[in-house]
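Student: dropping a prediction and its sequence here:
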Amino acid sequence: NAGVTQTPKFQVLKTGQSMTLQCAQDMNHNSMYWYRQDPGMGLRLIYYSASEGTTDKGEVPNGYNVSRLNKREFSLRLESAAPSQTSVYFCASSEGNRGLYGYTFGSGTRLTVV
Amino acid sequence: EDQVTQSPEALRLQEGESSSLNCSYTVSGLRGLFWYRQDPGKGPEFLFTLYSAGEEKEKERLKATLTKKESFLHITAPKPEDSATYLCAVQPQSRGGSEKLVFGKGMKLTVNP
């Protein structure tokens, strides 16, 4: 019963460095999402994937790219990290049929860009 | 634009002191309204989904209700373990099968023993 697994849990990057945040779910969910959470801002959608093979921009996509590698995995890439990307990143998944049980979230990746 | 506003931003209660959290929303067609609980350092945990005005859901000391413009999370006789941040989110009508959620900023609840 792993649910949604995110790696790494913590990361410190220097400005301009790149990295990929990994996310995998074992619930056979169709849809997957990447959110960022900042103090006073709430959760904001970066990118989502309604189904395997599709990806779409959310509210704050600039500076990020995503890959839906297969049905289980959805990765988020920062090509050139900036201090404004310091945040907590959450991956989530859902069934894709009215979201009867809402999202299942991972435990988050805490990213600091210095 | 779809929007969710939660109030108050923070709330301190004494153990046993009942209260309600408010979530007001504007959305272009509501597919569902969700409540989540988030503990420090963890991801949000699903609590309830409400789909239509008048609907109510209960779980232990929590009861969620929905009207056409807002939702309430009622906490009856809270305990210290109910301390957490409570998030409200709406799912707008959309095509394509995904269930994008729009979240409020959250409400931090502290229950003192």
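Tutor: Cool, got the structure.
Student: how much space between the closest residue to A:Arg72 other than its chain neighbours and chain B?
Tutor: Excluding the flanking residues, the one nearest A:Arg72 by C-beta to C-beta, 6 or more residues apart in numbering or on different chains is A:Ala24, at 5.2 Å. C-betas here are computed from N, CA, C, even on glycine. Distance of A:Ala24 to chain B, given as C-beta to the nearest C-beta, to the nearest Å: 14 Å.
Student: so which residues on chain B come close to chain A?
Tutor: B:31-32, B:34, B:36, B:41-46, B:49, B:87, B:89, B:91, B:96-106 (C-beta under 8 Å from any C-beta of the partner chain).
Student: identify the residues contacting the residue nearest to A:Arg72.
Tutor: A:4-5, A:72-74 (C-beta atoms under 8 Å, 6 or more residues apart in numbering or on different chains).
Student: helix/strand/coil for it?
Tutor: strand (DSSP: H, G, I helix; E, B strand; the rest coil).
Student: got a pLDDT number for it?
Tutor: You'll see A:Ala24 listed with a pLDDT of 97.
Student: and it, bridged to which residues?
Tutor: Residues in a beta bridge with A:Ala24, per DSSP bridges, are A:Thr5, A:Glu73.
Student: so, low pLDDT: which residues of chain B?
Tutor: B:94-99 (pLDDT under 70).
Student: strands of chain B, residue ranges please.
Tutor: For chain B, the strands defined by DSSP state E occupy B:3-7, B:10-14, B:19-26, B:30-38, B:45-50, B:56-59, B:62-66, B:70-75, B:84-92, B:102-103, B:107-112.
Student: and the contacts of A:Ala24 as a markdown table, adding pLDDT and neighbour count?
Tutor: What follows is those, written out as a markdown table (pLDDT from 0 to 100; neighbours: other C-beta atoms under 10 Å in any protein chain shown):
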| residue | pLDDT | neighbour count |
| --- | --- | --- |
| A:Val4 | 96 | 23 |
| A:Thr5 | 97 | 15 |
| A:Arg72 | 96 | 17 |
| A:Glu73 | 97 | 16 |
| A:Phe74 | 97 | 28 |
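Student: who's in contact with B:Gln3?
Tutor: Per C-beta under 8 Å, 6+ apart, neighbours of B:Gln3: B:25-27, B:102.
Student: quick check: bridge partners of it?
Tutor: B:Thr26.
Student: B:Thr26 is in contact with B:Gly104, correct?
Tutor: No - in this structure, B:Gly104 is not within contact of B:Thr26 by C-beta atoms under 8 Å, at 11.7 Å.
Student: these two - which one has more neighbours?
Tutor: B:Gly104 (22 against 13; other C-beta atoms under 10 Å in any protein chain shown).
Student: list buried residues within the residues of chain B next to chain A.
Tutor: Listed as buried from the residues of chain B next to chain A are B:31-32, B:34, B:36, B:43-44, B:46, B:49, B:87, B:89, B:91, B:98-106; burial here means 16 or more other C-beta atoms under 10 Å in any protein chain shown.
Student: center of chain A - which residue?
Tutor: A:Trp34 (2.8 Å; C-alpha atoms, centre = their mean).
Student: am I right that it falls within a strand?
Tutor: Yes - per three-state DSSP, A:Trp34 lies within a strand segment.
Student: show me the beta-bridge partners of it.
Tutor: Beta-bridge partners of A:Trp34, as defined by DSSP bridges: A:Tyr47, A:Cys91.
Student: please name the residues that touch it.
Tutor: So A:Trp34 contacts A:21, A:23, A:45-48, A:58, A:64, A:66, A:74, A:76, A:89-91 (C-beta under 8 Å, 6+ apart).
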